Structures are given as C-alpha cells and as structure tokens.
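Undergrad: Need coordinates for the below:
(4 chains)
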Amino acid sequence: MKDKRVSLEEAVRLVPDGCSITAGGFAHSHQPLGFLRALIAEGRRDLAIMGVAECWVAEWLAAAGMLDKAWFSNFMFEGFGRCRRFSEGIEAGEIATEDHSHFGMVMRFVAAAERLPFIPMLSQGGTDIATTGGIERPEEKIQIIKSPFGGEPVAVTSPLRPDVAIIHAARADACGNTQLDGATAVLAEQAAAAKTVIVTVEEIVEPGEIAANPAATLISGFYVDALVHLPYGAWPTGMYGYHDPDMGFLDDYYQASRDPASCARWIEEHLRGPADHWDWLGRAGVARLLALRSDPALGYRPAKDAA
Amino acid sequence: MKDKRVSLEEAVRLVPDGCSITAGGFAHSHQPLGFLRALIAEGRRDLAIMGVAECWVAEWLAAAGMLDKAWFSNFMFEGFGRCRRFSEGIEAGEIATEDHSHFGMVMRFVAAAERLPFIPMLSQGGTDIATTGGIERPEEKIQIIKSPFGGEPVAVTSPLRPDVAIIHAARADACGNTQLDGATAVLAEQAAAAKTVIVTVEEIVEPGEIAANPAATLISGFYVDALVHLPYGAWPTGMYGYHDPDMGFLDDYYQASRDPASCARWIEEHLRGPADHWDWLGRAGVARLLALRSDPALGYRPAKDAA
Amino acid sequence: MSRDALMAIAAAREINDGEVAFIGTGLPMVAAYLAKATHAPSVTLVFESGIIDPAPLELATGVGEYRLAYGASAIRGTRAALTLLQQGRVDLGFLGTAEIDAYGNLNSTAIGDYRRPKVRLPGSGGANDIASMAARTVVIARAGRRRFVESLNYLTTPGHLTGPGARRQAGLPGDGPVRVITDMGVLGFHPATLRMRVERLFPGFTPDQIQAEIGFRLEDPGEIVTDAAPDAETLALLRRIDPAGTYVKLQDE
Amino acid sequence: MSRDALMAIAAAREINDGEVAFIGTGLPMVAAYLAKATHAPSVTLVFESGIIDPAPLELATGVGEYRLAYGASAIRGTRAALTLLQQGRVDLGFLGTAEIDAYGNLNSTAIGDYRRPKVRLPGSGGANDIASMAARTVVIARAGRRRFVESLNYLTTPGHLTGPGARRQAGLPGDGPVRVITDMGVLGFHPATLRMRVERLFPGFTPDQIQAEIGFRLEDPGEIVTDAAPDAETLALLRRIDPAGTYVKLQDE
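TA: Numbers count the residues shown, from 1 in each chain, chains lettered A, B, ... in the order given. Sure, this is the predicted structure:
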C-alpha cells in the first residue's frame, strides 16, 4: 500500500463545490468536526449530505449556508433537541430532502459499495419513505418486487454513492489502515461507498501497532485517498477511549442556534474565526480539552470526574 | 442471556438422522472434529452437509457412510489432494451434490439468516453452477433477473438454511458469547443461518473476559443453543493461537483413505474406537498434543520448533 | 405517583425474560433496566449504535453514549445491529412518535407538506426498521389529540398500515405494534380490525378520559384491567436506575 | 532453468505496483511475493480466508494457514474477503484449473456427467468469484491437450464465456482473463474474438510447439515476444521466497 498522508489543507481541497459528502459519526461521537471547521472556513457552496446520524455535520453545513440537499435517516441532537438551522432550512425550502430509515441509508451505501444495482431489505415498505420523493422520484429509490423464487413481495432499494466520505477515527498507519474503538457506526460502509475517502485520525502509528490487532481494522488503506493527522479532530464531539464529548461547547452552539442572527455570529466567530486547527483547539484551551480525557479503564469520563 | 452449557453427549443428541449440517472451519483449521468424532461414534444416517471449506467434516462423514447430500463450494485437502471418500462417493452416485462458488454459498447463508427470499450477487452467472442442478432445480438456486431500477442483468440466489451449525471456537462465556482468533472463515454466517447452533470451545471464560474485547465477539449468545467445553476440539485440525494442525495425523488418514478397506479400518479404530473425547485425545498422547502448541507471539508454531 | 413511573413500569412489563429487545434512548432504556432487575434478568438488550448486552455503571443519555458501552458482550456497528432486526433475532422494540394513527402508524418526519414542511422533525432513524422487522413493537406516547390523529402528515414508521394483511403485502416480516403506552393507560389493537382500543388503565383514569385525548374513535374495549399503584420496591429501583430523574421523574411536575 | 520459475516470473510480471491482488495457494503466492520484492512493493495481497496484506516470516502452505496471518494489516472472514471482489476493489486474481477452453472458461468441478462424474474435482471455491468480479484475471495452467480442451465437461469459472458481450449479459462485472500462463509461454486473448492466442514464448519454445499441446485452434498471433532467461538475482529471490521449492522448483525434475 501507499503512503496516504497529506496536510489538512490538501485534504480540504478534495471537497469541491457542489459535491455530495457523507461523514462518520453517531450522535455526539466521532464526527469529523475538525475537518468540517476547516472546510467551512475555506468556504464551499451547494453541498449535499448523504448521512445516517452525523447531526453536527449537517447542522453546521446548514448554518454556514453551504447545504443544498440531504439524503438522510435521522438528524437530531440527542439530549438537546432539533437541529435548528438544518430543520428551518428545510422548512424554508432552502434544503431539499430525501428520507430513509437508518437501515435504508446503510443498504443504499452497501449497494453502491458492492456495485449492486439493487438490494433487497425488509424495512421501509408500506410507508411514505417509499412513496414520497423529495429529490428522487420514489420509484428510483424503493420498489416492492416479487421474489423470482417464491413470489413473495419484498422491498428493494437502489444504490446511493457519495462523492466524498470524511471520517474521523482513532488511529491509522501511514497507508491508511484505520481503526476505531467502541461502536463503529456506519464508517466502514460509508468509506466503501464513497468515490473519495478522507480519514482524519487521533494518532498515526507504526504498521506493527495495526497488525497487533488486525481484527480491529475497520477501513483498509486501499479505501483511503487522504489521511490527515488531526488530534482532537472529533472535538467538540467525543472520541471513545480518547475523550468525552464537550457537552458545554455543544450546548453553547445549541443555544446560539435558536436564533438565526446569533447562530451566524457563532459560526463566524467559532468556525470561520480560527486561523487553523491548532487555533480552533487553542481557543478552547488546553485545560478544557484535557479535562475531557477518558478514564482508560472505562473508555469514558465518569460523572464524578466530569469537567 | 441464558446459560447454554451442556455435555458433549447432550449436544450430539441435537443432530438427528436425516438432518442438514454446516460446520465451521477453513482448510486444516478449526473444524469441529472433536464433536464430529462423537457424532460418528454415536452413528447417524442420511445426513446432508451445507459447507464452504469444511473438508474434513465432509470427508469423515462420507467415509463413515453417513452422508447423502452435499451443497458446497470446495472440499479438498490443501497440501494433500482430493477428499477421496467424499469424491468417490459422488462418483459412485451415493452422494448427491449441488455446487456453488464460495461467495454463492456464503450469500445463500446470508439470505437464510436475514429472511431474504433472494439476494443479488455478481458471481456465478453464466456458468454451469447456475444452470446444472444436482439436488435442486437450477431455477430454484440461481436466476438472472433485470434490475427494477436500471434493467441491468444481475444474478440472484435463494436462501439455504442448514438444520444444525456445529462450530469450534476459541472461547465463550457461559451464555455462548463466542470469540475466535485469526481468520474467522464463515462462522458468523453459518451460525446466523442455521436453525440450531452448537458451539464447542477451547475455554469457557468469565463474561468479563469477553467484555474486555467486545469487538472480537463473533457469535452472540442468542444465536447459540448448546455450548460444550471441548479443549482440542478442533484437533487434528488446528486452532489459531492455541495449536497448529497435526499434519502427521491428517496425513495418516489421507494415506489410509486411498483405499476403501483401509479407510474403513481407520474410521473404526480412530473415530469409533475411543470411549470419549478424552480417550480420543489420550490415544494421541499428551506429548504429541502439547508439541503442537502455538508460539504466543506468532499465533503458530514456527517451522524450526515443529513437532 | 408520576405518570413517567407508570409508563416505565408498563413498558417494563412488555419485556419477557430471555428475549432480545431493541432499545432506544430515554424511558425505554429505564424500562429495560427495570425489567432486567426484576422479572427478566436474562433479557438481551441491543442498541442501534451496535452495542449489545452492556452492563453500564451509570445511566447513559444516548444509545451511542460511551458509558453505555461498558461491559458489553459485543460491540459492532450500526449495520450489524440493524441486521439483527432483519435476521428476526429481535423479539421486541420500543418506539416514540410525534403523531400516531388508529393502526399504530407513526410520523416522526414532518408536519405539513413533505417538501416544504411547517415543522421538520428528525426523521425515522432506526424506528422504521424496528417497526418493520422486530417480532413485535410497543409505542410509548403521551395521550393528546395532536399526537393521536385521524390522519398522519407523513407515514414514517409502519404500524398495521391499513389493517389486516397490509404489512405482508408491503414485505414487512414483523407483526407490528401490540401496545401503545400512554400516560393514562395502555392501548392495544383489536384483533379483527387492528385498530386501537383501551386495554389497561393507570390508577384513577377512565376509558372516556383516554378517548377524550385521542383524535380518532377507539374500538370498543374487551376486558379492561386497572393497574394497581406501583410498590415502594419498584419505585426504589427506578430511582436507582435513573437517580437524577433524567427520563423518569418520580413526581409529576 | 525450470518451467516453474519461468511461470512464476511471468505471473509476477502481471502484477502492477499499487494494485490489490487476490492470491491463492501455490505458485501465485510465490509470484506475488516476487512481485512485492521487485517492481510492485506497494501491492496489497488479499486471501480468501480473510487475511489482508500480511508479512509472513515463512512461506505459507495455504491461504488459511496460520503463518500467513503474521503481520496482516487486517484479518476478517471469508465473506469480507469475497466482498472486496464484489466491491470492485480487486484489480487482479490468479486462477488454476483442470480444464480450460479457448475463451478461458475453466472446469474444476467434474470430469464426465455432473451427477455421476468419472472424476469428481474439488469444486469452484473462490475461483468463480475471482473470475467473475476481479477487474482482470490470469490463469496459470501447464499446457496439455487434456487440459486445454475444445469443450469443457463443466463450466465452473467464467472466462469470456461465449465471447464478446457474454459476460455483461450474465451480470459479471469483471473483464475476465487477460493471460494464460503455461509452461511453454504466455497466451492472451484476441481482442475481437476473445479466443486465445500466443503472446509470449519462454526461451526455446515456438508457437507450433504450444499449439501442439492445445486441444483447440489458437487464433493467429499478433506480435510475439520471446522472454529472456531470468537473471541470477530473480532466481535468488525465488529461492529465498520458496527455499524448499514447495511450489517453484528451480530445476525441472
């Protein structure tokens, strides 16, 4: 395999105006927000998201006015509430949507990854997900067909291929053999489905460290186009085994997002303001970041120790 | 979850005459031969195998006169040659066959496991695997249909559900949460597809030992019907991280299998002769078994140390 | 006695020992740990994040939250968790909703026109998958005429769709909802029509009080059970599982 | 100079740097490590057992053999390995065979009638999957009229099937075989008919000698290259990779 390491700036250039992205993460965990901040600071237009649960990516793209379309299954802020800029963007007709179940999105990624023109699945049938199109015509997304073997009705869905996957993970070797601890969300399927794959990681390690636990390799290097060493690249979302989500910082955004004007100021100050990744982290401050660190025996920071 | 532990004798009773079995293993690795020996000693008739690479299970069932039918993709003895009793059983018209590619077998297991009436795949089309039936009518196994989205031709295959899966693994907790080190072959798909799942393991461990590496759990306890503590349960095939295959013992069988009469004597002596699992291992002898043990840093026994 | 507590206890009652239950954040998580601590010690809990059978030391505030991973017998990804549903390995799932109709169909997508909604909601997530593929489901929804509606704005998650036979025609393997747990009592589905009717009442409520909060006509009930007030031991357990009352307050506000 | 060595060197030449190659036991494994040690240091090797990109300390005697696992960057199961083929991530696969026809279709299933064969062979294994789904394949087969036949007893593994267009109609995404490496030289496929023809000769062989060992008429060749004898460095590398001559003997017997 080849060395995939590039700078954050080089990786950001792989995301052009008008492209569709999918991003790793689940709820307040391992969303590639370090990369996203750099992308927003750089500025892009007319992006589409194809996502399962990367609520912060969808919301910040919407808040930055960069999001046009969303193929997705669920974006909300667990413990807070709705993604306000994203939801209001849809209500205002500024963001077009195509809805799915989680499994529906995952299976469209799988079909795209495996070059299958369709894939059967046992959910989504009988609902408006299957019959009400927002971007596609419904019959392009889901159909109920009869099994060629027994004639039973079964739903089939079509492939959906994002242009770029952006994933933050725990560690990789220089060739991009990538591991993540804890629940792995949809990272493997997203990486396999996308045309271009960008991985940011907490640590770049020697190949021997990957080979020491080869069963944990989630994304092999041949899927990866660009690898960026980006510690705290998920912050303010968390990174299992490294640090908890920064609920205070997330709440700060959530409060600002209730009002379009205050939200715009927040985006300007926090996402477009920092000079680079280190400035972004530096403004939070070392004490704040280190206070989030996981207890290694638990994989998280117990309540009694919380920052 | 519930405690799944039973004795080897109780587990053997879960395999009735006339049933179809699938067994874990790949080449000379982790085939459930301790269980198989007990099954052969107990005696069964008219069994079917649904297998990918469990050559020793197929061969010994054939040699013991217990095998009627085989759905499979490849049975051969890597480094030795053909499975003689199995192959000659087919040539004599005593064993009916249904051929697949490896991926074809795996996808039929996946379809059965996931309740899908069919599953699309990109191999097997255009060949006699798709058009020549040995047990099923060909159109029951594979068809080429047109995608309902774009009209492209794509092969679909039907589900295949074994009655019993028999799997030897490294370790499980009492509830049957099962782990295997090294390449995991088709174990997860076989366990998910079968109606009844029997797992034999080198070690039964405390739940905490499973929870210490939860990403390595290959088969969750709710798939498992019976769990048997059966050290060296793969012998004379190997167990990655525990012991190498016993190539001498395997070769002893292979040489005997060249002739039906000598093969029958071998089966009688070695498989039907031992009183129980401990006698089976005891006849091999402690020194022989321990000489196969893996180097823990390598997961195998390097050539210079080989028994 | 809080309505939260009554709902959590009613939800826990739906879980049988030895089953595999697919659990979301919030009240179902509290109910699941209540069941596990009482009548269903060998239930296996599965979460859509890919966490299977954990033994968390503290109540988690989300299905992907790190404290939920502690002690899990398996951790994978979302596809693996959802595939358990497709495999038919999940006996029971819990669902919440913004709107529900008489057949137990749910809307968590949009109020108003789909393309230009008055209120955009979060979307299905795993709800449609649970409702389609779990052997049975239980909906948890406080009563109210804006929630229990004659006609949904958008059908996100299948209940019994249009009634008997409709789920099979749509290719859905699970049997659909068996209960709807409200804050006044528990509704079930009439076996012939698969439309909702009252089955159990929480202490102090009447069928008419429930009907008054439901925007469609409930089927005539069969036999109705009235629950007793929960005992002190159960309430103490709830307090231990959710000490801060994050999801289940023991006193109504 | 052994024919084994010439075949292994010809096979190694088919591997380009940076590619993902699906490798089976035997001569292809030696060829793959020869390529990796010379012109293709960043090739990724994938094995059907689920072992990806290993760095074995000793030559393995099988794709599931434990010494092959050493240093692997990923280890999964067979489904994951075969799924790489379906994903189109595999550039190249190697195949062996008992019978091969003019289109590069292979038989490794049965000689004689399928249901009552004269000789039952091991069956497809992963060969059909590699041949169907890898971007391209290379067949390794010693010449001989019982191997290179006009008509197969059983078509296990697709070459170009019946010629141009046939693979697409059968739903096969890969482009099929590009080379057949024999012990006398290397055959390719005529671009218009997709039937076999001579492309390269090993030192000392002529096209007529190859035709004499082939049971069907080869297409007229285009330009034919004659290989030089391998250099000492390459032979030393082969010796280091396979010291016992398990798969590649350096002297013909």
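Undergrad: by contact count, what packs against whatever helix or strand A:Gly89 lives in?
TA: Per DSSP states H and E, A:Gly89 falls inside helix A:84-91. Counting contacts by 3 or more C-beta pairs under 8 Å, 6 or more residues apart in numbering or on different chains; DSSP states H and E, helix A:84-91 packs against helix A:55-63, strand A:67-72, helix A:260-266, strand C:119-120. Every C-beta, even on glycine, is put in place using the N, C-alpha and C of the backbone.
Undergrad: Could you check how sure the model is about that helix, as an average pLDDT?
TA: Taken as a whole, helix A:84-91 has an average pLDDT of 98.
Undergrad: contacts for it?
TA: Applying C-beta atoms under 8 Å, 6 or more residues apart in numbering or on different chains, the contact partners of helix A:84-91 are A:55, A:58-59, A:62-63, A:67, A:70, A:75, A:95, A:97, A:254, A:257-258, A:260, A:263, C:116-121.
Undergrad: List only buried entries from these.
TA: Among the contacts of helix A:84-91, those classed as buried by 16 or more other C-beta atoms under 10 Å in any protein chain shown are A:55, A:58-59, A:62-63, A:67, A:70, A:75, A:95, A:97, A:254, A:257, A:263, C:117, C:120-121.
Undergrad: Now stretch A:148-161: buried residues?
TA: So stretch A:148-161, judged by 16+ other C-beta under 10 Å, has buried residues A:Phe149, A:Pro153, A:Val154, A:Ala155, A:Val156, A:Thr157, A:Ser158, A:Pro159, A:Leu160.
Undergrad: what about dumping the CA coordinates of it to PDB?
TA: Provided in PDB are the C-alpha atoms of stretch A:148-161 (Å, rounded to 0.1, in the frame of the first residue of the first chain):
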ATOM      1  CA  PRO A 148     -38.300 -14.700  -8.500                       C
ATOM      2  CA  PHE A 149     -38.100 -17.800  -6.400                       C
ATOM      3  CA  GLY A 150     -41.400 -17.800  -4.400                       C
ATOM      4  CA  GLY A 151     -43.300 -14.700  -5.500                       C
ATOM      5  CA  GLU A 152     -43.300 -13.100  -2.000                       C
ATOM      6  CA  PRO A 153     -43.300  -9.300  -2.000                       C
ATOM      7  CA  VAL A 154     -40.000  -7.700  -0.900                       C
ATOM      8  CA  ALA A 155     -38.700  -4.100  -0.900                       C
ATOM      9  CA  VAL A 156     -35.600  -3.400  -2.900                       C
ATOM     10  CA  THR A 157     -33.600  -0.200  -2.800                       C
ATOM     11  CA  SER A 158     -31.200   1.400  -5.200                       C
ATOM     12  CA  PRO A 159     -27.500   2.300  -4.600                       C
ATOM     13  CA  LEU A 160     -26.500   5.800  -3.400                       C
ATOM     14  CA  ARG A 161     -22.900   6.800  -3.900                       C
END
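Undergrad: and it, how far out from the chain's middle?
TA: Averaging C-alpha positions (C-alpha atoms, centre = their mean, to the nearest Å) puts stretch A:148-161 27 Å from its chain's average.
Undergrad: Could you see whether chain B lies near it?
TA: Yes. Counting by C-beta under 8 Å from any C-beta of the partner chain, chain B has neighbours in stretch A:148-161: A:Pro148, A:Phe149, A:Gly150, A:Glu152, A:Val154, A:Val156, A:Ser158.
Undergrad: So which of the residues you listed reach chain C?
TA: Restricting the residues of stretch A:148-161 next to chain B to those within reach of chain C (C-beta under 8 Å from any C-beta) leaves A:Glu152, A:Val154.
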